[in-house]
Each structure stands twice: as C-alpha cells, then as structure tokens.
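Novice: Coordinates for the following, if possible.
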Amino acid sequence: MESLPLWTDIKQLWPHLAATLALVLAVSASAHLVMYKKDTRAAIGWIAVILMVPLLGPILYALLGINRLQRRALTLRGAAPPRPIVSPHCVADSAGIAKALSPQARHLAALDNLIAQLTKRPLLDGNRVSQLINGDQAYPEMLRAIEEAESTLTLSSYIFDNDRAGRIFADALTGAVRRGVEVRVMVDDIGARYSFPSIVHRLRRDRVTVARFLPTLVPARFAYANLRNHRKLLVADGRLGFTGGLNIREGHDSQFHSKYPIQDHHFRIEGPVVAHLQEVFAEDWAFCTGELLQDEKWFPKLEPVGKVLARGISAGPDGDLDKLRLTLEGALSCARSSVCIITPYFLPDAPLIAALNVAALRGVEVDIILPEANNLTLVKWASTALLWQVLERGCRVWLSPPPFDHSKLMLIDRAWTLLGSGNWDPRSLRLNFEFDVECYDCELAENLHCWASHKRQLARRVTLADVDGRSIPIRLRDGLARLLTPYL
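Specialist: Below you'll find the predicted structure:
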C-alpha cells in the first residue's frame with residue numbers, strides 16, 4: 001500500500017513524459033531531414049508525417065526515410081586498396097583532347113573537367129577500343145585472352161551461369177590455374193544463383209579462387225535486389241581488358257540456340273585505361289576477401305597502343321553515388337548536334353528527363369533506342385508510362401525488334417562514347433555497383449553511330465499518338481507500374 005502514491009504520481013506524469021518524448025523525437029527527426037534530405041518535396045512530406053502522427057511519425061522516418069543504402073555500402077566496403085600509379089606521359093592534356101576531337105566537337109572537352117572531378121581519375125591517352133557484337137564475337141576473344149594469359153586473370157560478372165557457355169569459361173579458367181596463372185573470379189551472389197547448381201561450386205572444385213559478392217538471403221532470380229555488383233570485367237595479365245553489358249550465359253551466343261536469346265555487345269580494351277578496370281576489380285576483391293592485389297603482376301606498366309582517350313567511371317551506392325547520373329546530365333548539357341542512347345531499361349528520374357528535353361529543345365537530335373521485348377515486364381510497363389514526357393519535347397523513341405536487346409551505349413555528337421554496364425534506371429543510378437568507360441575519339445564514335453543507325457533502321461518509331469492511344473486499362477496498368485520506379 002505504501003507504493004500507491006508513487007504509482008499515482010507516475011500515472012499523473014506519463015502523459016507529460018509521453019508528450020516530452022514525442023516532442024524530442026519530432027524535433028530530432030525534423031532536424032535530421034532538414035539537414036540531410038535533398039528532395040524538398042520529400043522533406044516537406046516527412047515533416048507532415050512527423051507532426052501529424054506523434055511518436056509513430058519519427059519512428060517511420062527513422063525506418064523508411066533515411067537512405068541507409070549509401071551508409072551501408074560505405075561500411076561494408078571499408079578501406080579500398082591504393083590506386084595504381086599511371087605514367088604521367090599517358091595522362092591526356094588539353095592539347096591531347098583537342099587532337100582527339102574534330103573542330104566541331106572540341107566543346108566536349110568540358111566533359112573532361114566534370115568527370116575528372118567526379119572520378120578523381122585521369123583521362124588516359126593511347127588506348128585501343130574494339131566493339132564485339134553479342135557473345136558470338138565477344139566470347140571467343142575473351143576465351144582467347146584467358147587461354148593466352150601468362151601471369152594473372154581477373155574476372156567479374158553479375159551472372160555466370162552453369163550452362164554450356166559458363167562451363168566453357170569454367171574450363172578455360174581451370175586450364176589457366178593449371179598453367180600456373182593466378183586467377184581471381186568474382187560473381188555477384190544473386191547472379192551466381194541464376195542457374196543450379198551454381199558455377200561457383202564447380203570453380204571451387206577445380207581450385208579456381210572465386211568469391212561471391214555480398215552474400216544475401218534474397219531469393220535467387222529476384223530482379224529487384226539492392227547493392228548488387230552489376231559490373232562485367234575481365235583483365236588478362238593486367239594488359240588486356242573486356243567490359244560492357246555481356247554476362248556469361250548461353251543466351252548471348254547464337255551457337256547454343258537458346259530458347260531465350262539476348263542481343264548485347266562488349267568491348268575489347270588495350271592501353272593505359274586497362275589499369276582502371278583492374279583497379280575497380282581490386283577494390284571489389286578486397287571488399288569480398290580482404291586480399292589486396294597490388295603487385296606489378298596485377299598492375300604492370302602500360303604503354304600506349306592506340307589513340308583513344310579513355311577513363312573508367314565507377315558508380316554505386318557508396319562513395320561513388322550519383323557519379324553515373326552526373327555524367328549523363330553533363331554529357332547531355334554539352335551535346336550540340338546529336339545524342340544517341342541505347343539501353344534495355346529506361347526509367348530516368350525528373351532531372352534526367354529535364355536534361356533530355358532541354359537538349360531536344362535546343363535543337364539536338366535525341367534518339368532513344370529501347371527493346372520492343374523486355375525481360376522485366378514491370379520495367380516495360382513503367383517505361384511506357386513515362387515516354388510521353390520525352391516525346392512531347394521532341395525526343396525520338398525507337399523500339400528494336402526481338403530478341404531482347406540488353407545493349408548499353410551513349411553517343412554525343414559522334415565524338416564521345418559512354419560504354420559499360422550502367423542502365424538508365426534507379427537500380428544502376430543509385431542502387432547497384434556499375435562500371436563504364438568514357439571515350440573521346442571521333443573514329444570510334446562514328447563507327448558506333450553507324451551501328452546504332454542500323455539498329456534504328458530496323459526499329460519501330462514510337463510517337464506521342466501511340467502512347468496516348470493506349471486503352472484506359474493499359475494506361476492505368478502502366479501508370480501503376482510507374483509508381484514503383486524508385487524500386488525497379
């Protein structure tokens with residue numbers, strides 16, 4: 001009975017304590033979002049939730065409103081190995097950039113300043129870049145590089161299937177190990193489970209050193225998982241590199257007559273910029289295994305072999321957040337005559353849509369080539385729902401015929417090229433780890449422009465009337481899918 005007065009006091013005080021706690025949480029949450037939330041509309045919306053739903057509002061903000069993707073990625077990756085030393089005579093200067101570009105394209109030199117500040121990597125002279133169409137051309141070249149490697153091999157792939165194509169690569173890697181080559185293979189954990197049993201088990205059985213990138217409990221074949229390593233890299237002896245959009249699976253190569261063929265392209269790269277490919281692999285490998293690849297056998301001295309100026313651009317939800325997005329916006333702002341974009345997944349956000357429209361309104365020919373058939377149905381619907389936003393301002397949209405086209409490319413004024421693994425969707429722009437290469441070379445860009453023009457000739461043009469002519473049920477379906485864009 002002596003405790004009753006205390007209990008009575010607590011009952012009288014708890015409303016005041018709850019109100020004080022609600023006020024402290026509301027003020028703390030509001031202060032955090034005012035300081036760190038970049039989107040003003042999102043900040044205002046969260047403030048409304050915090051004020052209108054005491055206690056629960058701040059908790060919801062803490063759970064859902066704070067971008068933990070970047071923080072988690074930074075924590076996971078930790079300290080990266082030091083960057084390779086590049087010979088000063090390979091670093092391009094303003095005179096080198098002017099030489100690589102025609103007089104009509106020298107305004108693109110401004111991109112060098114932008115991307116140099118974004119990446120903290122130098123633009124390197126003396127490279128040779130060759131396009132390889134589909135696995136028909138790319139796989140033989142990649143396998144030859146593996147078979148001829150003498151000291152080191154590094155391979156990173158999002159998908160590495162245990163199918164006919166994957167087993168050929170596995171056998172070649174095993175052969176390299178038996179020859180005494182130091183081999184390191186990294187496969188994204190989700191991508192490693194696209195086939196069963198996983199190719200990882202076969203590689204380990206054959207004593208190939210292999211690691212999974214960021215093991216997760218997310219189900220295999222889940223198309224919308226976060227923090228995946230979407231990069232495709234192969235480097236032989238630190239001197240010969242390959243990158244682009246190709247995974248390792250039989251659908252990319254017509255010789256296997258797959259039920260699900262995929263169009264795509266890859267690039268064979270020689271010269272100093274190969275060090276950028278190797279550098280990104282070494283950073284990912286150190287994160288996955290703790291092993292640092294720093295010796296000269298991994299990073300040999302590279303001499304000029306061509307005339308393409310090139311630089312690697314790594315992007316992801318860690319310290320590289322927004323680098324790909326800013327590169328795309330910068331390239332669009334520099335364009336004066338033409339922009340050609342080829343991507344399988346077209347879900348640009350409002351700033352990118354605005355940049356595309358501004359370019360078109362300035363008189364730049366903006367062509368966007370997308371696949372008619374898409375392997376991700378929700379993405380196809382969501383993309384269709386936003387096409388009117390670029391069509392009404394003069395951008396031209398084309399749908400390439402089946403089979404599914406997984407190619408990724410951006411061309412500016414027939415002089416600047418962006419190639420690699422990045423797509424025009426939120427997953428590539430903020431959620432996954434990507435790698436692209438920018439190239440300053442009129443001959444390379446012109447050859448790729450001719451290839452893209454041929455692809456466009458085979459494609460069907462989409463007009464604003466086509467988009468507006470969809471039935472109401474289809475427009476509702478596509479519009480609902482568009483609401484999921486931040487998560488696709």
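Novice: Go through the host helix or strand of Trp381 and flag the buried ones.
Specialist: Assigning secondary structure by DSSP states H and E places Trp381 in helix 377-386. Using 16 or more other CB atoms under 10 Å as the burial criterion, the residues of helix 377-386 that qualify are 378-386. In this view, the C-beta of every residue, glycine as well, is placed from N, C-alpha and C.
Novice: do stretch 453-461 as well
Specialist: Going by neighbour count (16+ other CB under 10 Å), the buried part of stretch 453-461 is 455-456, 459.
Novice: Sitting in helices, which of the residues you listed do you find?
Specialist: Secondary structure from DSSP state H places 455-456 of those in helices.
Novice: Specify which member of the buried residues of stretch 453-461 is nearest to Leu51.
Specialist: Ala459 (50.7 Å; CB to CB).
Novice: For the nearest residue to the closest one once chain neighbours are set aside, which three-state class applies?
Specialist: By the measure of CB to CB, 6 or more residues apart in numbering, the closest residue to Ala459 outside its immediate chain neighbours is Trp398, 3.9 Å from it. Reducing the assignment at Trp398 to three states with DSSP: H, G, I helix; E, B strand; the rest coil gives strand.
Novice: how far away is Trp398 from Glu392?
Specialist: 17 Å (CB to CB, to the nearest Å).
Novice: Which one of those two is surrounded by more residues?
Specialist: Trp398 (20 against 13; other CB atoms under 10 Å).
Novice: Figure out the helix or strand that Ile474 lives in.
Specialist: Of the helices and strands defined by DSSP H and E, Ile474 is found in helix 472-482.
Novice: Show me what that helix is packed against.
Specialist: With contacts defined as 3 or more CB pairs under 8 Å, 6 or more residues apart in numbering; DSSP states H and E, helix 472-482 has these neighbours: helix 377-386.
Novice: pLDDT averaged over the very next helix or strand once past the helix it packs on, what's the number?
Specialist: Per DSSP H and E, helix 377-386 leads on to helix 388-391 as the next helix or strand towards the C-terminus. If you average the pLDDT over helix 388-391, you get 97.
Novice: hang on, the earlier thing: buried residues in the helix holding Ile474, which are they?
Specialist: With the criterion 16+ other CB under 10 Å, helix 472-482 contains buried residues 477-478, 481-482.
Novice: got these as TSV, with pLDDT and distance to His257 columns?
Specialist: Converted to TSV, those look like this (pLDDT from 0 to 100; distance: CB to CB, whole Å):
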residue	pLDDT	distance to His257
Arg477	94	34
Asp478	93	33
Ala481	90	32
Arg482	89	36
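Novice: ok, back up a step: how about the CA coordinates for the helix holding Trp381, as PDB?
Specialist: Included here for helix 377-386 are C-alpha records, laid out as PDB according to Å, rounded to 0.1, in the frame of the first residue of the first chain:
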ATOM      1  CA  THR A 377       7.600  -6.800 -67.600                       C
ATOM      2  CA  LEU A 378       7.100  -4.200 -64.800                       C
ATOM      3  CA  VAL A 379      10.000  -2.100 -66.200                       C
ATOM      4  CA  LYS A 380       8.500  -2.300 -69.700                       C
ATOM      5  CA  TRP A 381       5.200  -1.000 -68.400                       C
ATOM      6  CA  ALA A 382       6.700   1.700 -66.200                       C
ATOM      7  CA  SER A 383       8.900   2.900 -69.000                       C
ATOM      8  CA  THR A 384       6.000   3.100 -71.400                       C
ATOM      9  CA  ALA A 385       4.100   5.200 -68.900                       C
ATOM     10  CA  LEU A 386       6.800   8.000 -68.800                       C
END
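Novice: Understood, closing this out.
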